[in-house]
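Engineer: okay, sequence plus prediction incoming.
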Amino acid sequence: MTYSEALRKSTEYLKEADDKDAATDASLLLMHVTGKDRTFFLAHGDEELTEREETLYQLLTEKRGGHVPLQHLTGTMNFMGLDFNVSENVLIPRIDTEFLVEEAMTFVEDGARVLDVCTGSGCILLSLMRYKNDIEGVGVDISDDALALSEKNAEELEVQNVRFIKSDLFENVEGKFDYILSNPPYIRTSDIDGLMEEVRLHEPHLALDGGEDGLDFYRRIAHEAKDYLESEGRLFFEIGFDEGDALRQILTEEGYKDIEVVKDYSGNERVVRCLKG
């Protein structure tokens, strides 16, 4: 089978499986299988795949048609211009979360000490450390699998001066930090069953479920973070589109000041930032 034929058949199959990004996914899977880029396929579309490539490409196409996330099939996700390893054991980094990193970058100073709570793949902390200088970073997560992946990402991205610790939020954290960032689980428990099949069946509920009202982790982090922030230290959260007012109230009751709810480029409330009171 030629590259052109493979792309056509894969795209048609994925369209029938209701993949809204069928052509893109077909191309990315072929790139993953062959190690070649789109330009090569355009220039050499009449060349043949090897038998192994054809078999693997068909298998991955069928899995994608079964709504297995593309990132789980390729094992990677580009975030903030960097390639991160991902797996079924961590939340796939969302493009929306880049806004949290961008917002934090406007405040985080070179040489700061930064804590990332619920670090997952480490994408937030490691991106920040790649684009700022002399940051001392600590990432915490309750999942051993997530920590192993974040350490692998740090090594491959050549990020120095970072540690990843197994901890239920602040349980095993020591010292104080200039900045604390978190993208915690914030989906209401009752909303989990209504999520897209790709998310509901293939991403860890531990990284999604924020309790009855979606705010359980925000309450805990807001309460405990005060003991780990330097005076005038800043706290940053990613939030769901309708959680800004509720989190503002939580932070106000916990004594934080200069609380701001920031909208992303789509006009949705995406980040809450505040100062230790």
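Structural biologist: The structure has been received and is ready for your questions.

Engineer: give me the three-state assignment for the residue most central in space within the chain.
Structural biologist: Centroid-nearest residue in the chain, with C-alpha atoms, centre = their mean: residue 93, separated by 2.0 Å. Three-state assignment for residue 93 (DSSP: H, G, I helix; E, B strand; the rest coil): coil.

Engineer: so it makes contact with residue 122?
Structural biologist: No - counting by C-beta atoms under 8 Å, residue 93 does not reach residue 122; the two are 9.5 Å apart. Glycine gets a C-beta too; all of them are placed from N, C-alpha and C.

Engineer: shared neighbours, these two?
Structural biologist: Counting by C-beta atoms under 8 Å, 6 or more residues apart in numbering, the contacts common to residue 93 and residue 122 are residue 84.

Engineer: contacting residues for residue 236?
Structural biologist: Applying C-beta under 8 Å, 6+ apart, we find residue 236 in contact with 100, 103-104, 179-182, 271-273.

Engineer: just send the residues you listed back as CSV, with pLDDT and secondary structure too.
Structural biologist: Output for the contacts of residue 236, formatted as CSV (pLDDT from 0 to 100; DSSP: H, G, I helix; E, B strand; the rest coil):
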residue, pLDDT, secondary structure
100, 99, helix
103, 98, helix
104, 98, helix
179, 99, strand
180, 99, strand
181, 99, strand
182, 99, strand
271, 99, strand
272, 99, strand
273, 99, strand
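
Engineer: nearest to residue 58, of these?
Structural biologist: residue 100 (37.9 Å; C-beta to C-beta).

Engineer: could you find the closest non-adjacent residue to that closest one?
Structural biologist: Of all residues not flanking residue 100 in the chain, residue 238 sits nearest, at 4.6 Å (C-beta to C-beta, 6 or more residues apart in numbering).

Engineer: give me the beta-bridge partners of that neighbour?
Structural biologist: Note on residue 238: beta-bridge partners by DSSP bridges are residue 271.

Engineer: numbering from 117 from now on, please.
Structural biologist: In the new numbering, first residue 117, that becomes residue 354.

Engineer: the strands in the stretch 267-393 of the chain, which residues?
Structural biologist: Under the criterion DSSP state E, counting those that start in this stretch, the stretch 267-393 of the chain contains strands at 278-282, 293-298, 345-354, 373-379, 385-391.

Engineer: what residues does the second one touch?
Structural biologist: Spelled out, that is strand 293-298. If you take C-beta under 8 Å, 6+ apart as the criterion, strand 293-298 is touched by 216, 220, 223-225, 228-234, 240-241, 244, 254, 333, 337, 341, 344-346, 349-354.

Engineer: am I right that residue 177 is in contact with residue 126?
Structural biologist: Yes - Residue 177 lies in contact with residue 126 (C-beta under 8 Å); the separation is 4.6 Å.

Engineer: local confidence estimate at the residue nearest to residue 216?
Structural biologist: We have a pLDDT of 98 for residue 354.

Engineer: residues in contact with it?
Structural biologist: Residues in contact with residue 354 (C-beta under 8 Å, 6+ apart) are 212-213, 215-216, 298-299, 302, 386-387.

Engineer: how many neighbours does residue 136 have?
Structural biologist: Around residue 136 there are 8 other residues, counting by other C-beta atoms under 10 Å.

Engineer: how near is residue 177 to residue 322?
Structural biologist: Computed as C-beta to C-beta, to the nearest Å, the residue 177 to residue 322 distance reads 29 Å.

Engineer: rewinding a little: for residue 160, see how far away the residue nearest to residue 216 is.
Structural biologist: 42 Å.

Engineer: for residue 337, same thing?
Structural biologist: Relative to residue 160, and taking C-beta to C-beta, residue 337 is found at 52 Å.

Engineer: higher neighbour count, the two?
Structural biologist: Each of residue 337 and residue 160 has its neighbours counted (other C-beta under 10 Å); residue 337 has more, 21 against 13.

Engineer: contacting residues for the residue at the greatest distance from the centre of the chain?
Structural biologist: Relative to the C-alpha centroid of the chain, counting by C-alpha atoms, centre = their mean, residue 162 is the outermost residue, at 37.5 Å. Contacts for residue 162 (C-beta under 8 Å, 6+ apart) come out as 118-120.
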